[in-house]
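Asker: sequence plus the predicted model coming up.
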Amino acid sequence: MPPDVDFGALPERADDAAAPESAGASRDPAPQSASVVTIVNASAATVTTVARRPLFPALMLVARELSKEYRSGDNRLAVLRDVSFTIPQGAFVAIVGPSGSGKTTLLGLLAGLDTPTRGSVLIDDADLTAMDEDERAKLRGQKVGFVFQSFQLLSTLTALENVQVPLELRGESGAGERARELLARVGLADRLDHFPTQLSGGEQQRVAIARAFANAPRILFADEPTGNLDSDTGGRIVELLESLNRESKTTIVLVTHDATLAARTQRIIRLSDGRVVSDSAERAA
């Protein structure tokens, strides 16, 4: 598989236009965080308001005081406790920690697959915790991709059909062509008609990644994406995720026990006993 995989660029945000400069024009003293700039041209007696290019990346994901508890008889088991952090658009982040630390539970909450006992999750400014299940499902279909450790491919469908399914459910035309394109980009152009049992573990994971990217997600969640793979195959999956993040500017948040994989991300959030105990972004700040 080539080192760089072109997944196609995602649409730019509407506020990502640069403000023009002109002779005789002056800027208002608005704070740098403002989304617009007023340009006053004294000689022409004109005032123009234009969009300012953001100085900082927009926040793609916000977790606010997330807690998750389960009832066990008369007791309540706390799996997550007041977890808070933000992730900017285009980041590549690993969530790590020992077994039982709450990593997979946290990933499910962040993706809107489950709801917290307390706290909130925002994806691209949309509050998941204020939505019902149908609304969350709609948002996931529009902006979220998810890669499961066990691949979750449909055994009765070919690789091509597995990738086509989410496109067809969305009612998109050209689903077959889009699925072929995605599978080619993950190096499986010659395996389109193979069923999951006819594919290796690494090939199945690549099909799962192609399927997760079918809706061109703004954010991709991955649960132990190399957990069932040997080290060489896992390394190729990591390269694929890096290409996805680099070429399409997709935000990636993954859970992993693999220290080598975590070290290749831009940021590591470490959990222990349901709490964030370290965050490399905070150390770098």
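Answerer: Nice, thanks for sending it over.
Asker: for the helix or strand hosting Leu80, name the packing helices and strands.
Answerer: Counting by DSSP states H and E, the element that carries Leu80 is strand 75-88. Here strand 75-88 touches strand 59-72, helix 103-110, strand 118-123, strand 251-255, strand 267-272, strand 275-279, going by 3 or more C-beta pairs under 8 Å, 6 or more residues apart in numbering; DSSP states H and E. Quick note: C-beta positions are derived from backbone N, CA and C, even for glycine.
Asker: can we see that at 6 Å?
Answerer: Packing contacts for strand 75-88, counted by 3 or more C-beta pairs under 6 Å, 6 or more residues apart in numbering; DSSP states H and E, involve strand 59-72, helix 103-110.
Asker: contacts for the longest one next, please.
Answerer: Yep, that's strand 59-72 we're talking about. Taking contacts as C-beta atoms under 6 Å, 6 or more residues apart in numbering, the residues outside strand 59-72 that touch it are 76-89, 105, 109, 116-124, 219, 251.
Asker: hmm, back to that, and among the helices and strands packed on strand 75-88, the most buried is which?
Answerer: helix 103-110 (a mean of 22; mean count of other C-beta atoms under 10 Å).
Asker: which helices and strands sit right next to that helix?
Answerer: strand 75-88, strand 219-223, strand 251-255.
Asker: can you read off the pLDDT for Gly73?
Answerer: Turning to Gly73, the model gives it a pLDDT of 82.
Asker: do you know how far it is from Val79?
Answerer: Distance, Gly73 to Val79, using C-beta to C-beta, to the nearest Å: 16 Å.
Asker: which of the two has more neighbours?
Answerer: Val79 (18 against 6; other C-beta atoms under 10 Å).
Asker: the more buried one reaches Thr105, doesn't it?
Answerer: Yes - using C-beta atoms under 6 Å, Val79 is in contact with Thr105, at 4.9 Å.
Asker: next one: Asp193 from Glu161, what distance?
Answerer: 9 Å.
Asker: quick one, which of these two is more surrounded?
Answerer: A count of neighbours by other C-beta under 10 Å puts Glu161 above the other of Asp193 and Glu161, at 18 against 10.
Asker: name the nearest residue to that one, ignoring sequence neighbours.
Answerer: Leu154 (7.5 Å; C-beta to C-beta, 6 or more residues apart in numbering).
Asker: just to be sure, the one you found is in a helix?
Answerer: No - counting by DSSP: H, G, I helix; E, B strand; the rest coil, Leu154 falls outside a helix, being coil.
Asker: pull the number of nearby residues for it.
Answerer: 12.
Asker: please renumber so the chain begins at 356
Answerer: Let's use 356 as the start, then, which means that last one is Leu509.
Asker: for the residue nearest to the spatial centre of the chain, give the beta-bridge partners.
Answerer: In the chain, the centroid-proximal residue (C-alpha atoms, centre = their mean) is Ile574; its distance is 2.2 Å. Listed by DSSP bridges, the beta-bridge partners for Ile574 are Val499, Thr606.
Asker: test my guess that it contacts Thr606.
Answerer: Yes - the pair Ile574 / Thr606 is scored as a contact, 4.3 Å apart, by C-beta under 6 Å.
Asker: for Asp479, grab phi and psi.
Answerer: phi 50, psi 50 (degrees, to the nearest 10).
Asker: next: the one 3 residues further on.
Answerer: Backbone torsions of Asp482, given as degrees, to the nearest 10, read phi -80, psi 100.
Asker: check Val448 too.
Answerer: phi -130, psi 140.
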